[in-house]
Every structure is written in structure tokens, then in C-alpha cells.
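>>> Structure for this input, please:
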Amino acid sequence: MKRVCSILLISILFTFSLYSQLSPLRSGPMVGYGQMTEIMLWVQTIKPSTVQYQYWESANPKLKMKSVPVKALEENSFIAKTAIAGLQPGKKFEFELMIDGKVVKRNYPLRFQTQPLWQWRTDPPDFSVAFGSCAYVNEPEVDRPGKPYGSDYGIFNTIASKSPDLFIWGGDNTYLREVDWDSRSGIIHRYTHTREIPEMQALLGSTHNYATWDDHDFGPNNADRTNRLKDVSLDVFKLFWANQTYGTDETKGVFGRFLWGDVEFFLLDDRYHRSPNDAPDDNKKTMFGTEQLQWLKDCLTNSSAPFKFVVNGNQVLNANGNYYEAMTQFTSEYQEMVSFIKKNNISGVMFLSGDRHLTELVVHNDSTFYPLYDFTSSALTSGMNSEISEKELKSSSRVEGTLVNDAHNFGMLRFTGHGKDRAVTMECYDLTGALRWSKTIKANELRAK
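Residues are numbered from 1 along each chain as shown. Okay, the predicted model is just below:
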């Protein structure tokens, strides 16, 4: 009897293994950018395939539509990106993935939405944004010896359970290892390895995803413009994410801007043009490069959004973090940016950042201007920064009660209120979904005095 059971168990395991190998899907689908009439879907298969989607409005499931078929080919790492256009604004959709004409079942909801046409008609919509940084997925064969650096991958399911409208990946979205960052194939392997973990799939498939990077998904630790494979890293980033734009025609990088509702987000690239951290701290030392900084100034001047969130891999306002990679290490550029905001009375500017393996809300107070906030959220799954200096621990620039460095966590932004009374509630949740702290700021508090 024991022999029969053993044979049966082996047969079941073999069948499961064979099924896994035969499954055409590697990771995704992932929902990328979303506009009023167009969205993008991303997927990675394990072999050359034809990818197509069947989708329908949640309110009208009987009327099903199909996207144009797209090829996932080896030269693109079997990745297919599908733009679905001609949609109606303000609709919620469900969808299913088809590979080579066959539906690939997922055990979680697949959905996307189009932004509403609210301008000149109604108050701006309420919506929520989740964000975080530092996602390390273990691979023991190439990880450094000792305790695994990554853990608690279930945090991605926790984020998905909060049903945010979008998720912003704030950098270090994967961690290149020594065996990865010196070749295109190595970088692709690391992105692929991180992207395919089961715990991440529901978040990818049910939320609009936007991303910028930091050093670990760009190259080696503390990598800068001297990274000899920076153009390869840029190409791979574009391949694995589905932002609508990357850089400008004149300036390379992953930076870009997008509008959701009445809130504008500016994704910065703190690596491609960056001076070495140990370069002389003079007016030539740069985190963003002259062109990107000018782009940011122009964008902030152009924007009429009540909240303007500047997203950067490194902290921006932490003056106590000079021995880390904060923008305050780049004194001239930091002062130029902050002075520009103040001199031009640009309202509603706030910062989102990552990198530090801790979470905190830093505030820059100026009696002649409104408070500037930098919401740092880290880490999603990588090791936590449980030991910080006494000076930083007692920092007067940190909003009291916002330091979290004992548990993996993520941030949430909830936008509510009427057109002239908009507010954002900033929240920090740990991996269990427990609320650690919350702070609400009204748009009219972020205006020049």
C-alpha cells in the first residue's frame, strides 16, 4: 500500500512539474499606464507566442472585445506590450489573457480602468495610490552568504487587498547581483526572476503600475553615470515596465510625468546622469543633470495640479542623511531646486522617495513658505534599516511618530474632497496591512504665504 501511495505521489508531482513547464506564461499580465481612452498591458511568456486579450466593461460582461494580437519574441525576452485604445472614459474593465488563442486562467481578478473625463463637469475623482521601494527576491545560488536578504513577499498581496488605483514603484524594484550587472542577459535574468514570483502577480494584474529606478535596478550599489552598461540598463527597464514615456527626445533616462485625476506625478531619474557620490560638492556635482533639472522646473511651472508629487529613488529633504545618498549631498543642485520652487511660488509640491530601508515623513519648514514634505517608503521585502545614528534618530525634521524600521511596509496616498478643498491623506501600512501612521494635508496648506 505504501508503495502504491509513493508511486501516486511521485506521479502527481511529476504531472504538476510537467504542467508548470508547459505553461506558456512566465509573469503577468501587468497593467501599465492608464489614460482616458487608452491603457497598456504587459506580459512575459516562456517561448515565442501570440498574445491577445479579451476584455469587457465590468457593468456589461456580455459585450466582450478583443485586442490586436501581439507577438512575444525571443529578441524581446518573450515580452509583449499591448496598447488598447478607443476606450470610453471613466469605465472599469475586466479582462483575460490569451496565449496562442487559449485563455490562461488566473486565480485573482484581472482589471483595468480608464480615467474619467471630469474636467468642466464634476469635482475631481477621489482615488488612492500605493507606493514603495526596495523589493529583494532571494536566489540562493548567487546571493551573498548568510541570512537571506529578502522576505515577506506576501506584502504584495497585502497591497493588492487595499485596491489602490495605481502603484508607484519607487526604485530598487529589483536587486542586480554581481553576476547580473555586467551583461544584458544578466540584467534581464534578474528582472525576470523578480517579476515572476507568485505573490506579485495579483498586484500587477489589478492595479495600474508606474515605475522609476534607483541604483540596484540600474547597476551596482551606488551606481552613477560611469556605469558602462547604463544604456543597456535603460533598455531593459523600458522593456519590463509600461510607463507611457521615458525621458525626452533630447535627454535619455527613465524620468517622466503623468496625471491621474487632478494630481500630477513627476518620476525622476537619479542615476543615469548622476555624478559620483564622492565627487567634489561644487556647482558641477549633479544628481539629475542640467537638462533633467530644467525639465522638472518647466513641468512644475506648467502644472496646475493642486498636488505635484515629485518621485525620486533617493531622499530629497533629509539633511541628516548626508552620509547616505540624499539629494542634500548635491548641495548646489538641491538649493537650486528648492529655491526655484520658492522663488516662483509653485504650490502643492511634495516628494516621494525610497532607498533607505526605513519609512519616515520628513518636513522642511520655512517661515516664508509652506512646509515641504518628503514621504520615504521602504522597504517592501529587502532587509530593514534597524540601526540608525543617534543624530538621525533624534532628527527634528522628521514628523513625530512616522519612523518605521521594524517591519516591511508600503505607503498609501488617498486623495479626497471637492475641487477647492482637496486633501491628501498619507498612510503607512506594514506587511500585515496594519496602519502604522497617518497624516492629512489640505491643498490650501501648500500655498506660498
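>>> ok, now which ones touch residue 81?
32, 40, 41, 42, 70, 242 (CB atoms under 8 Å, 6 or more residues apart in numbering). C-beta: built from backbone N, CA, C; applies to glycine.
>>> Tell me the backbone dihedrals of residue 441, please.
When read as degrees, to the nearest 10, the backbone of residue 441 gives phi -130, psi 130.
>>> May I ask you to confirm that it is in contact with residue 424?
Yes: using CB atoms under 8 Å, residue 441 makes contact with residue 424 at a distance of 5.7 Å.
>>> neighbour-wise, which of those two wins?
Each of residue 441 and residue 424 has its neighbours counted (other CB atoms under 10 Å); residue 424 has more, 24 against 18.
>>> so that one sits in a strand?
Yes: with DSSP: H, G, I helix; E, B strand; the rest coil as the criterion, residue 424 is part of a strand.
>>> Tell me the secondary structure of the residue positioned nearest the centre of the chain, please.
With distances taken as CA atoms, centre = their mean, residue 169 lies nearest the centre of the chain, 1.1 Å away. Secondary structure, three-state DSSP: residue 169 is strand.
>>> and if you look at residue 338?
Looking at residue 338 with three-state DSSP, the answer is helix.
>>> That one contacts residue 364, doesn't it?
Yes: counting by CB under 8 Å, residue 338 touches residue 364, with 7.5 Å between them.
>>> residues shared between the contacts of residue 441 and residue 424?
residue 350.
>>> Show me the beta-bridge partners of the residue nearest to the centre of the chain.
With DSSP bridges as the criterion, residue 169 is bridged to residue 132, residue 211.
>>> quick one: contacts for it?
131, 132, 133, 135, 209, 210, 211, 212, 241.
>>> OK, contacts around the closest residue to the last one other than its chain neighbours?
Computed as CB to CB, 6 or more residues apart in numbering, the closest residue to residue 241 that is not its neighbour in sequence is residue 211, at 4.7 Å. Applying CB under 8 Å, 6+ apart, one finds that residue 211 lies in contact with 168, 169, 173, 237, 241, 243, 254, 267.
>>> Please report how far the fifth one lies from residue 364.
Computed as CB to CB, to the nearest Å, the residue 241 to residue 364 distance reads 30 Å.
>>> neighbour-wise, which of the two wins?
Taking neighbours as other CB under 10 Å, residue 241 and residue 364 compare with residue 241 leading, 24 against 17.
>>> Surely the more buried one is in contact with residue 213?
No: with contact defined as CB under 8 Å, residue 241 does not count as touching residue 213 (9.0 Å).
>>> and for these two, which residues touch both?
Common neighbours of residue 241 and residue 213 (CB under 8 Å, 6+ apart) do not exist.
>>> What number of residues are in the vicinity of residue 173?
Residues near residue 173, counting by other CB under 10 Å: 26.
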